[in-house]
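Q: quick check, what structure comes out for this input:
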Amino acid sequence: MTWPVTPATKANLDAATDDPSQARAELVALIDSFNNLVSLLSKSGGNDKVLVTNASGNLGLSVNPSAWSIGKAIELGYSGNALLSTSAAEVFMTQGMYYDNTWKYGVTGSACALYKQGAGEHVWRTAPSGTTGNTATPTDLMILKATGNLLVPGIYSTTTTSKPNVFVDTDGTLKRSTAAFRGALATAGGQTVTTMATVDLTTTVYDTDSIVNLTNNTFTVPAGVTKVRLSGSCQFNTNTTYTHAAYFGKGASFTPSVGARQSFGIGGGVDMHTGIISVSAGDYFTPRCNSSTSDILNSDSWFQMEIIE
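A: Prediction:
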């Protein structure tokens, strides 16, 4: 049975279910032909919606169904909290997201997530907080393949080091792979050095992120990097009792970098290195060497920045 939706009709329905002798809640079925909604209302609860279904066949429990463009969805209490079936081989459980030609936010100011089962594969995804109705872009956090392999993809880009990629290999062992090494190595040689001189870099051996500047003799921290390690070696031609020292100077004032070891030695050369130090994009470091008496760097001298994260 159907009723046209008018205030008078709804009032009549409400009156028809008034029975003071009844202790249980009465329910009113309401068909909204304009919005293509069928609602089951709780009369005793102030006409709150208990169940709503629309022309697409989607169902909302205490909430109007979102504009799902594929499959069939059951939404529970809040927009985007749903169980979605798109085919016989694929089903989703969503939190704060619904699919309307693309994933969209059902809530404002809350991070969202979804869980997908399809063709024997399990996928967990998440999206940062956004605004209701705007496009959401969920990214994979973990994938359990139908083969039994577990993948934790992590985050990869050209400007940030990767998070670990953890997976269960076919032999059952837990393994981890990481992105390729990032950093730079440059050499020097032939320079006459006296009191704490800036090293003239001559050749870039490798450079994954445009770190080395041979003109300015610097190693510059790329965008997105927060941790590095510095190392190097000043090798001199004269193996005598000269006192030698070396360090990486930070910035224009050549301030010794945090955690650097200022090395002193007698004879052919000294090494220098830091622990893992915190940096910001654009920070730059200059290798510097010292000789108590004028000496010449030989071509075995080298300097390196290693990106940690």
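
Q: give the contact list for Ala119.
A: Ala119 makes contacts with Ala89, Glu90, Ala146, as judged by C-beta atoms under 8 Å, 6 or more residues apart in numbering. (C-beta placed from N, C-alpha, C; glycine too.)

Q: most neighbours among the residues you listed, please name it.
A: Tallying neighbours with other C-beta atoms under 10 Å puts Glu90 at the head of those, with 15 neighbours.

Q: now for that residue: which residues touch it?
A: If you count contacts by C-beta under 8 Å, 6+ apart, then Glu90 has Lys116, Gln117, Gly118, Ala119 around it.

Q: which element is the second one on?
A: What it means is Gln117. Gln117 belongs to strand 112-118 when assigned by DSSP states H and E.

Q: tell me which of the contacts of Ala119 fall in strands.
A: Glu90 (DSSP state E).

Q: between the contacts of Ala119, which is closest to Ser66?
A: Glu90 (18.3 Å; C-beta to C-beta).

Q: what's the pLDDT at that closest one?
A: You'll see Glu90 listed with a pLDDT of 93.

Q: now it: how far from Ala55?
A: According to C-beta to C-beta, to the nearest Å, Glu90 and Ala55 sit 23 Å apart.

Q: ok, now Ser210?
A: The gap separating Ser210 from Ala55 is 57 Å, by C-beta to C-beta.

Q: likewise Leu150?
A: Computed as C-beta to C-beta, the Leu150 to Ala55 distance reads 41 Å.

Q: pick out whichever of the two has more residues nearby.
A: When neighbours are counted by other C-beta under 10 Å, Leu150 and Ala55 differ, and Leu150 comes out ahead with 15 against 9.

Q: quick check: that one touching Ile143?
A: Yes: the pair Leu150 / Ile143 is scored as a contact, 7.4 Å apart, by C-beta atoms under 8 Å.

Q: which neighbours do those two have in common?
A: Counting by C-beta under 8 Å, 6+ apart, nothing touches both Leu150 and Ile143.

Q: where does the stretch 201-309 of the chain dip in pLDDT?
A: Scanning the stretch 201-309 of the chain for pLDDT under 70 picks out 238-242, 256-268.

Q: distance-wise, check the nearest residue to Thr218 once chain neighbours are set aside relative to Phe254.
A: Leaving aside its chain neighbours, Thr218 sits nearest to Tyr284 (4.4 Å; criterion: C-beta to C-beta, 6 or more residues apart in numbering). Distance, Tyr284 to Phe254, by C-beta to C-beta: 11 Å.

Q: neighbour count: the two, which is higher?
A: Tyr284 (19 against 15).

Q: how about the helices in the stretch 1-150 of the chain?
A: Secondary structure of the stretch 1-150 of the chain, counting by DSSP state H, counting those that start in this stretch: helices at 7-16.

Q: right, and Asn290 touches Thr198 too?
A: No: when contacts are counted by C-beta under 8 Å, Asn290 is not listed as touching Thr198 (10.9 Å).

Q: tell me which residues of the helix or strand Tyr206 falls within are tucked away?
A: In this assignment (DSSP H and E), Tyr206 forms part of strand 201-207. Within strand 201-207, the residues scored as buried using 16 or more other C-beta atoms under 10 Å are Leu201, Thr202, Asp207.

Q: tell me who's in contact with the first one.
A: Looking back up the chat, that one is Leu201. Here Leu201 is in contact with Ala186, Thr187, Ala188, Val212, Leu214, Asn217, Pro287, Phe303 (C-beta under 8 Å, 6+ apart).

Q: wait, a helix at Gly224?
A: No: assignment of Gly224 by DSSP: H, G, I helix; E, B strand; the rest coil gives coil, placing it outside any helix.
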